[in-house]
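1. Sequence first, predicted model second:
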Amino acid sequence: MNASPAGLVAMAALLVLLPAAGLPPYYLHLSASAFLLATLASAWSLLAWGGQISFGQAAFFGVGAYAAALAAMHGVASWAALALGATAGAAAGALVSAAALRLSGAPLALATLAFAEIARGIAINWERLTGGGAGIIGIPALPGPTSQPRTVTYYLALFLLAATLSIFGWMARSRLGLALAAVREDAERASLLGVNPAAWKLCAFALSGAVTGAAGGLYAYMVRVVAPDLVFSSWYSLAPLIMATLGGPRTALGPAAAAVGLYLASELVLQPLVPALHQVGYALALIAAILFLPGGLGGLAGRRRNAAP
Amino acid sequence: MPLLEGRSLCMDYGRVRALGGVDVEIEEGQVIGLLGPNGSGKTTLLNVLGGRIIPTAGEVRFDGALVTGKPPWVFGRLGIGRTFQIPRPFAGMTALDSALVGVTFSRRRKLSRAADRRREAERLLAIVGLADKAGARASELSLGELKRLELAVALSTRPRILLLDELASGLSPQARAEVLGFYARLRDRGVAIVAVEHSVGTLARVSDRLILLSGGVIAAEGPPSTVLASPRVAQTYLGDGDE
Amino acid sequence: MASGFALTLGVTRALNLAHGEMIVAGGYLGYWLWAGSGLGPLWLMPVAAAALLPLGWGVHALLRRLPEPRELTSLTAGFGVALLLQDAMRALWGGDYRLIADSALTASLRLGPVTLNRGRLAAASAAVAVVALLWVGLTRTRWGRAARATALDEEAAALLGINTDLAGRTTLLLSAALAGASGVLFATLHYVHPAAGGPLVTVSIVLALWAGIGRMRSLLAAGVALGLVETLGVAWSGPGWRETLVAAVLLLTLLARGGSLARGMTAGGRAG
């Protein structure tokens, strides 16, 4: 999806001015959540650019959330806590990548899924650290005008999204992007040309983990509670998948837009109509996207090589 | 000291022995032609020399240093380039980006600015006559163009030695003549070459030395005139010789 | 439980991530049937199995249209279907936990020095019986041969005149039926709730990976082995870790395999 610069600027201006226009806090919170989801989708696209399909983004989200939450509870300043969340996410990303180096395609996806599950399990069981199944409650709010906490989180979420989209744009044009694209298309040939696939793949995972972790940290401040089933929910692994499938491969803008659109549509339209089934919309969208969108996931994951002897 | 050498190279695939003890030396700037019927081990030898596969036994040395078993990117960064018999382009990338990969990551050029690297990649495409196809993707290129892209990508690492797998095969006579021109120009620039070609005549014309492989071992070796006059060639080589 | 998943994986190269939810659905159906009719769970198995057939049909229709690489796209689609089923079940039956607590099953049986729970014994026997039936079906019937051929090499099988599409559909139907039946069994031993499907499919994946494609007997052995690992792990670290343990086992299996999903399959493509 290629958006014209003018259109982007207009959109950005609109988004920045929205709170000033007097949007009620509930909708600010909703928008912030939409931005977070869009950030997750973009972070996922970072990995998909390199041909790595992740089913376990929730691991990074949760790790970031817990890291920030724990820091906040120990009195760390909010900006530092958020940075910590990003760092924790990056570390988790590097760990996953290092472990799953030899994997690609479906096994990699399953491995990331397993990682997310393990992370969740650790959060539930390591009670001393994480507070067990109940999690951590009472996370302090972000500094700022206490009368408008939702506004603060709105802007932060918007900022994070903008930053993530910029990172993606930078990546696509950088050496990292070139290396990842080459590895995606033909890892063997890329390595014969001097590319060390493992190193670049790890970079991608760390970057994606960092962004997702930051989003998790912000989430902790937004809802003031972290719990295993909350932040390690497979929803945070599935959502970016759906958005990226819908929004198109090789870009971050498409998935981000899909995320915002779908989330808001689901919350504002479906939820009031059919409260029990509103998540069904996502599932249907995913299936429809796989079936009808050309390129789909096959295009995302790169080509399969016929062994040329 | 030879630029690239293989000693006692053996390659087994299960019970199939693709290479059974091959010694080969390539000096700087030399052109070696590799002959042999299908299945004689030519491509396997290229794969081993290029670091694509690790031999079951034997050594590969580059500039005297042992490189057997090192990861493929070490070979690339040392300056060993390779084309593939069936072109394998980076399907989703433009021709320019494909050429850019080697330029960027082989570390054989000190180009720290992206614009310089880009210019270098454009230059490579121009050398193989693909300057106007810089923005095209693999699906938009003809076979001849893909083969040229293969060469450009192989050159992108600024190789000191090129392993060319059937660069001239499958092409029209006119395109084939162009390829012969490439061989000459590469040679002029001092790039060593190990070439596999289906056409014995082509090989004889471009090579300093010919090596005849049969059943994974060397059956004959020497200057083209000597090797071609040898009865071994008639014996073992079942391919067509269009001379 | 895992046999249906392994079947699907082998014959259609699809990873049916929704398999867990299908089992849970079977469990729920079983529960309501049992609560309503008072019939023994063993009789309910075929009913639940039959009830899930349309689901199998639907999943197959979806699978046919998936682009390559099938393993990956089916995984994603399965994720979606799983979510769909979860929500549907939550909407239909609420989030309550249900258990088929048939009194006949909770009694104990004395076998020499060992005291066994009758319910578990019945479930185990039923499971073994089903797998045995499956094995017979795979080896002796025409369908079975077609399925195995398709599992080995889909293109070759098609060239030989085997209707691979039909083989695939039959497999999915069978897989759904197995899920339903095993769901009933599951419901007698564990509580069912909408979100219970995740760990179940994880177990299925591990067993399918361990046992290899189409090897029913190995599947049973693998099941026992996994059960042992689980029990030992839980005994050592505590019951809360059970699901995590299975996930860890899955991870280790994947890593050990290093990129191939099963003996003879690679991440991208065909068996062989």
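-> That came in fine, so what should we check first? Residues are numbered from 1 along each chain as shown, chains lettered A, B, ... in the order given.

2. I'd like to know how many residues surround B:Thr236.
-> B:Thr236 has 19 neighbouring residues, counting by other Cβ atoms under 10 Å in any protein chain shown. C-beta: built from backbone N, CA, C; applies to glycine.

3. Would you agree it is in contact with B:Pro37?
-> Yes. When contacts are counted by Cβ atoms under 8 Å, B:Thr236 is listed as touching B:Pro37 (6.6 Å).

4. Identify the contacts common to those two.
-> Common neighbours of B:Thr236 and B:Pro37, counting by Cβ atoms under 8 Å, 6 or more residues apart in numbering or on different chains, are B:Ser214.

5. And A:Ser166, how far from chain B?
-> As for A:Ser166, its distance to chain B is 17 Å (criterion: Cβ to the nearest Cβ, to the nearest Å).

6. Pull the number of nearby residues for that residue.
-> Around A:Ser166 there are 12 residues (other Cβ under 10 Å).

7. same deal with B:Glu28?
-> The burial count for B:Glu28: 14, using other Cβ under 10 Å.

8. Quick check: closest non-adjacent residue to it.
-> Nearest non-adjacent residue to B:Glu28, counting by Cβ to Cβ, 6 or more residues apart in numbering or on different chains: B:Leu3, 4.7 Å away.

9. list the contacts for that neighbour?
-> Contacts of B:Leu3 by Cβ under 8 Å, 6+ apart are B:26-28, B:30, B:62-63, B:160-161, B:192.

10. repeat that with 10 Å
-> B:Leu3 makes contacts with B:25-30, B:61-64, B:79-80, B:160-161, B:192, as judged by Cβ atoms under 10 Å, 6 or more residues apart in numbering or on different chains.

11. Return the closest of those residues with respect to chain C.
-> B:Ile80 (26.2 Å; Cβ to the nearest Cβ).

12. Any idea what that closest one is bridged to?
-> B:Ile161 (DSSP bridges).

13. now it: how far from B:Leu46?
-> 10 Å (Cβ to Cβ, to the nearest Å).

14. top helix in chain B by residue count?
-> helix B:173-188 (DSSP state H).

15. Next, the buried residues of stretch A:56-74.
-> Within stretch A:56-74, the residues scored as buried using 16 or more other Cβ atoms under 10 Å in any protein chain shown are A:56-73.

16. ugh, typo on my part, it should be stretch A:169-189
-> A:171-172, A:175-187, A:189.

17. and if you look at stretch A:222-230?
-> Quick answer for stretch A:222-230 (16+ other Cβ under 10 Å): A:222-223, A:225-228, A:230.

18. How far does it sit from its chain's centre?
-> Distance of stretch A:222-230 from its chain centroid, counting by Cα atoms, centre = their mean, to the nearest Å, is 16 Å.

19. With stretch A:5-13 instead?
-> So, by Cα atoms, centre = their mean, the centroid of stretch A:5-13 is 23 Å from its chain's centroid.

20. Give me the mean pLDDT for the helix or strand where B:Asp12 lies.
-> In this structure, B:Asp12 sits in strand B:4-13 according to DSSP states H and E. For strand B:4-13, mean pLDDT rounds to 90.

21. Quick one: distance of that strand to the chain centre.
-> Between the centre of strand B:4-13 and the centre of its chain there are 16 Å (Cα atoms, centre = their mean).

22. Give me the sheet partners of it and which way each runs.
-> Looking at strand B:4-13 with DSSP bridges, its partner strands are strand B:16-26 (antiparallel), strand B:57-62 (antiparallel).

23. Now the element after the last one, going C-ward?
-> By that I understand strand B:57-62. strand B:65-66.

24. Contacts only, for the residue of chain B positioned farthest from its centre.
-> Distance from the centre of chain B peaks at B:Arg113, with 29.2 Å (Cα atoms, centre = their mean). Neighbour list for B:Arg113: B:Arg119 [criterion: Cβ under 10 Å, 6+ apart].

25. can you give me the helices for chain B?
-> Ranges of helices in chain B, per DSSP H, are B:42-49, B:72-78, B:95-105, B:114-127, B:143-155, B:173-188, B:200-206, B:224-229, B:231-236.

26. quick one: which of the ones you listed is nearest chain C?
-> helix B:72-78 (16.9 Å).

27. So which other helices or strands are in contact with that closest one?
-> Contacts defined by 3 or more Cβ pairs under 10 Å, 6 or more residues apart in numbering or on different chains; DSSP states H and E place helix B:72-78 against helix A:175-192, helix A:197-223, strand B:57-62, strand B:80-82, helix B:95-105.

28. Let me have those in CSV, extended by mean pLDDT.
-> Output for the helices and strands packed on helix B:72-78, formatted as CSV (pLDDT from 0 to 100):
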stretch, mean pLDDT
helix A:175-192, 92
helix A:197-223, 94
strand B:57-62, 92
strand B:80-82, 91
helix B:95-105, 91
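
29. Format the ones you listed as TSV; extra columns: distance to A:Leu246.
-> Compiled in TSV, these are given as follows (distance: least, Cβ to Cβ, whole Å):
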stretch	distance to A:Leu246
helix A:175-192	20
helix A:197-223	19
strand B:57-62	49
strand B:80-82	40
helix B:95-105	26
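
30. Tell me which of these sits nearest to A:Thr251.
-> helix A:175-192 (12.2 Å; Cβ to Cβ).

31. Now look at the closest one and say if it contacts chain C.
-> No. Helix A:175-192 stays clear of chain C (Cβ under 10 Å from any Cβ of the partner chain), getting no nearer than 11.5 Å.

32. got the CA positions of stretch A:142-155 in CSV?
-> Once non-C-alpha atoms are left out, stretch A:142-155 reads as follows in CSV (Å, rounded to 0.1, in the frame of the first residue of the first chain):
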residue,chain,number,x,y,z
LEU,A,142,2.0,8.1,33.5
PRO,A,143,3.0,11.5,34.5
GLY,A,144,1.1,14.4,33.0
PRO,A,145,-2.1,16.3,33.7
THR,A,146,-3.9,13.9,36.0
SER,A,147,-7.2,15.1,34.8
GLN,A,148,-6.4,13.8,31.3
PRO,A,149,-4.6,10.4,31.6
ARG,A,150,-6.2,9.1,28.5
THR,A,151,-4.8,12.0,26.5
VAL,A,152,-1.3,11.2,27.6
THR,A,153,-1.6,7.6,26.6
TYR,A,154,-3.2,8.5,23.4
TYR,A,155,-0.3,10.7,22.3
